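S.K.: build me a model from this:
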Amino acid sequence: MTKRSKRYEALSKEFPSKEMLPLDAAVALLKRSANTKFDQTVEIHMRLGIDPRQADQIVRGSIVLPHGIGKTQRVIVFAKGDLADAAKEAGADEVGQEDLAKRIKDGWLEFDACIAAPDMMGLVGPLGRVLGPRGLMPSPRAGTVTPDVARVVKEYKAGKVEFRNDSGGNVHAVVGRLSFDDEKLRENIRAFMDLVIGMKPVAVRGTYLRGVAIAATMSPSVRIAA
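M.R.: Predicted structure coming up:
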């Protein structure tokens, strides 16, 4: 059993374990836990009625949240020529080809997003064993394999968030920080929820959205009445 701090145990007495709260009340309660020395990250967790073993029920996508995530993301790009120049101009932290691939093979993973031009996938493909398990492998479906690398770099720098359901049919994502004012945090959460709800796979039968909760880095979760 995980040992909880006295602070966490005290907070859990204030957080309802089963009751679902309206979004505004849930955010207000969560923000009352902002009594740490650092600005806690806020995450959303959505339990979906999908069968993650079926390819036609995968829920995966990305979103540029209305107010970002409160963090500047480190973005690398595999590109050459004009596309490499465009990526640098757009603010990419690292741009390269074989040299960049070698650094990753050697264990360098100090970045939050990896983007690749289509003609770079022959080089990037073998990195799947390293990048895939960490959710960093570029893919056309996620929009990270693209000829428009500059646009995607700017999106990630503005706070773009990627998500994909896990093996239990749950979707998790960062939606901001506790320092955000209530309205901005609510707008980010609502934008993410609306996107995922609108992505219901055609093959899903029965209840699609089974539960939603938000939590900060060092707080209990709060269930939302979606």
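S.K.: need the pLDDT of residue 12.
M.R.: Note for residue 12: predicted pLDDT of 55.
S.K.: now residue 158
M.R.: 88.
S.K.: next: residue 5.
M.R.: Among the per-residue scores, residue 5 shows a pLDDT of 54.
S.K.: same deal with the one 3 residues further on?
M.R.: pLDDT, the model's per-residue confidence, is 53 for residue 8.
S.K.: lowest-confidence helix or strand of the protein?
M.R.: In the chain, no helix or strand scores lower on mean pLDDT, DSSP states H and E than helix 6-14, which sits at a mean of 55.
S.K.: dump the residue contacts of the residue lying closest to residue 50 once chain neighbours are set aside.
M.R.: Leaving aside its chain neighbours, residue 50 sits nearest to residue 57 (4.3 Å; criterion: Cβ to Cβ, 6 or more residues apart in numbering). Placement of C-beta: from N, CA and C, glycine included. By Cβ atoms under 8 Å, 6 or more residues apart in numbering, the contact list for residue 57 reads 50, 51, 201, 203, 204.
S.K.: leaving out chain neighbours, which residue sits closest to the second one?
M.R.: Think residue 51. Leaving out its chain neighbours, the residue that sits closest to residue 51 by Cβ to Cβ, 6+ apart is residue 57, at 5.1 Å.
S.K.: look up how far residue 130 lies from residue 107.
M.R.: The gap separating residue 107 from residue 130 is 8 Å, by Cβ to Cβ, to the nearest Å.
S.K.: tell me which of those two has more neighbours.
M.R.: Counted by other Cβ atoms under 10 Å, residue 107 and residue 130 do not tie: residue 130 has more neighbours, with 17 against 7.
S.K.: ok, that one - contacts?
M.R.: 104, 105, 109.
S.K.: phi and psi next, for it.
M.R.: Main-chain torsions, residue 130, degrees, to the nearest 10: phi -90, psi -50.
S.K.: any idea how far it is from residue 104?
M.R.: For residue 130, the distance to residue 104 equals 6 Å [Cβ to Cβ].
S.K.: what residues of the longest helix seen in the chain count as buried?
M.R.: Criterion DSSP state H: the longest helix present in the chain is helix 182-198. For helix 182-198, burial by neighbour count (16 or more other Cβ atoms under 10 Å) applies to 184, 185, 186, 187, 188, 189, 191, 192, 193, 195, 196.
S.K.: verify the stated contact: residue 49 with residue 203.
M.R.: No - with contact defined as Cβ atoms under 8 Å, residue 49 does not count as touching residue 203 (11.3 Å).
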